[in-house]
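[1] Sequence and computational prediction follow.
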Amino acid sequence: MHRNVELVLAALAQGGADPARAARLKVLPDAVATAAAAAAALGVEVGQIANSLVFEMISGTDGSPLLVLTSGAHRVDTGKVAALVGATKVRRASAEFVREATGQVIGGVSPVGHPAPIRTLVDRALEAFDEVWAAGGIPHAVFPTTYAELIAVTGGEAADVA
């Protein structure tokens, strides 16, 4: 098993995730780097995919990571998110920034399993689904979870991000 997937599973266990749900982690034959690809591979609605998007919060001259877990049916409103987190500006992070912050590559970023905690916002739209799916640390891995569990395991804040 890939090290990132092991880190994700360990973080889920440490965060109190339902072990039966975490055990349903799937390693798919093809990468599912987009919400549409993940939904098609899993046979679920695109809105059930919890996209893990890393942004750079700019306040003054420094930038720190912000993880936004958004429904695959939404686009993040960066102006709205900046206001929510008290940043001057929020911008999509570069691939290098994402890898430094998460230890994972774009297309496979998980809500958990990072080298250090990242401030996280969880899209309230995900609450509409009994089960949502998130990336498992690599573009081929996904796991089922719930809205409440995402908030719990990430220490995230519920937010309207679209």
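    Structure's in. What do you need?
[2] pLDDT weak spots in the chain?
    Scanning the chain for pLDDT under 70 picks out 60-61.
[3] who's in contact with I151?
    By C-beta atoms under 8 Å, 6 or more residues apart in numbering, I151 lies in contact with V122, E157, A158. Yep, even glycine has a C-beta here, placed from its N, CA and C like the rest.
[4] do A17 as well
    So A17 contacts T145, E149, A152, V153 (C-beta under 8 Å, 6+ apart).
[5] for V153, same thing?
    A11, L12, G15, G16, A17, P111, V112, T145.
[6] now the residues you listed in TSV, with distance to A87 and secondary structure?
    As requested, the contacts of V153 are exported to TSV (distance: C-beta to C-beta, whole Å; DSSP: H, G, I helix; E, B strand; the rest coil):
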residue	distance to A87	secondary structure
A11	25	helix
L12	28	helix
G15	26	coil
G16	29	coil
A17	29	coil
P111	20	coil
V112	23	coil
T145	27	strand
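[7] In PyMOL, select just the buried ones from those.
    In PyMOL, this line selects whichever of those come out buried by 16 or more other C-beta atoms under 10 Å:
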select buried, resi 11+12+15+17+111+112+145
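[8] Output the contacts of V153 as CSV; include the columns distance to I49.
    As requested, these are arranged in CSV below (distance: C-beta to C-beta, whole Å):
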residue, distance to I49
A11, 19
L12, 17
G15, 20
G16, 23
A17, 18
P111, 12
V112, 16
T145, 11
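[9] right, and the pair among the contacts of V153 with maximum separation?
    Between any two of the contacts of V153, the greatest separation by C-beta to C-beta is 13.7 Å, found for G16 and P111.
[10] that older thread, which one of the contacts of V153 is nearest to A31?
    Of the contacts of V153, the one sitting nearest to A31 (C-beta to C-beta) turns out to be P111, at 18.1 Å.
[11] so the closest one touches L150, yeah?
    Yes: using C-beta atoms under 8 Å, P111 and L150 qualify as a contacting pair, with a distance of 5.9 Å.
[12] Please enumerate the shared neighbours of those two.
    Among the neighbours of P111, those also in contact with L150 (C-beta under 8 Å, 6+ apart) are A50, L69, A134, G156.
[13] Mind checking which of the contacts of A17 are in helices?
    E149, A152, V153 (DSSP state H).
[14] Can you pull up the most central residue in the protein?
    S52 (2.6 Å; C-alpha atoms, centre = their mean).
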